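>>> I need the structure of the sequence given here:
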Amino acid sequence: MAIKIFIDQGHNPQNPNAGAEGNGYREQDLVYYIGVYLAELLNANPDFEARLSRNSPTEILGTSIASSLAARVNAANEWGADYFISIHANASEIASASGTEGYVYSTSGEGYPFAQNIVAGISEATGLENRGVYARPTLYVLRRTAMPATLIETGFITNAYDANLLNNSPELFAQGMYNGILRYFGLD
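Numbering: from 1, shown residues only. All right, here's what the predicted structure looks like:
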């Protein structure tokens, strides 16, 4: 039976729950395409089945931040996903901040090694720094999912290099995530 992975392209194309902006880019646009590419890679492999939270770049989930987050989590839970990945682009007031990092509910859970492999895969594929994986139990998408979950900050939208790489090579981020998933399951 295929491993079911729910891919949440974090944020809506506009409020409620729009994402960060930097260097002329919007987080919600960048992560939308990374998610699409990742779903294509996973769905081309018979070991996996993937679904997206947003199926078009203009799709808006919910009517508030709370209902937007709930829509993403509820879709994954109702589908019976085995794993949940929420894709984001980081932001910082420090323009030189760069790299990829992940968040999980707990470092003792199954989501932790899953996230570690994904972050390492992105770092290897893009050359961005691996900033590690940390526990953030307050994040809604990590505490309300019924399966191992991770929130991945692919790169910094506020760093010109990271932002351009996110915009011009979203497939690199998707391939890195895919490589990390394969490694986690011993399929690489």
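>>> List the residues that contact the most centrally placed residue in the chain.
Note on the chain: the residue nearest the mean C-alpha position is Ile87, at 1.8 Å, using C-alpha atoms, centre = their mean. Going by C-beta atoms under 8 Å, 6 or more residues apart in numbering, Ile87 touches 7-10, 31, 34-35, 38, 152, 154, 177. Backbone N, C-alpha and C define where each C-beta goes, glycine included.
>>> wait, is Gly132 part of a strand?
Yes. Counting by DSSP: H, G, I helix; E, B strand; the rest coil, Gly132 is located in a strand.
>>> For this protein, give me the ranges with low pLDDT.
Applying pLDDT under 70 to the predicted model, the chain contains no residue that meets it.
>>> For it, just list every one of the helices.
27-43, 65-79, 111-126, 140-143, 160-168, 170-184 (DSSP state H).
>>> need these in JSON lines with distance to Ala50, can you?
Shown next, in JSON lines, are these (distance: least, C-beta to C-beta, whole Å):
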{"stretch": "helix 27-43", "distance to Ala50": "4"}
{"stretch": "helix 65-79", "distance to Ala50": "10"}
{"stretch": "helix 111-126", "distance to Ala50": "14"}
{"stretch": "helix 140-143", "distance to Ala50": "16"}
{"stretch": "helix 160-168", "distance to Ala50": "20"}
{"stretch": "helix 170-184", "distance to Ala50": "10"}
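>>> nearest to Leu52, of the ones you listed?
Between Leu52 and the helices of the chain, the tightest spacing by C-beta to C-beta is seen for helix 27-43, at 5.4 Å.
>>> Give the buried residues for that closest one.
27-39, 41-42 (16 or more other C-beta atoms under 10 Å).
>>> Just the CA trace of it, in CSV.
Taking Å, rounded to 0.1, in the frame of the first residue of the first chain, the C-alpha atoms of helix 27-43 are listed here in CSV:
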residue,chain,number,x,y,z
GLU,A,27,5.9,33.2,0.2
GLN,A,28,2.5,31.8,-0.8
ASP,A,29,3.5,31.9,-4.5
LEU,A,30,6.9,30.3,-4.0
VAL,A,31,5.8,27.5,-1.8
TYR,A,32,2.8,26.7,-4.0
TYR,A,33,5.0,25.6,-6.8
ILE,A,34,7.5,23.7,-4.6
GLY,A,35,4.5,21.7,-3.3
VAL,A,36,3.2,21.0,-6.9
TYR,A,37,6.6,19.7,-8.0
LEU,A,38,7.0,17.6,-4.8
ALA,A,39,3.5,16.0,-5.3
GLU,A,40,4.4,15.2,-9.0
LEU,A,41,7.6,13.4,-7.9
LEU,A,42,5.8,11.5,-5.1
ASN,A,43,2.8,10.5,-7.3
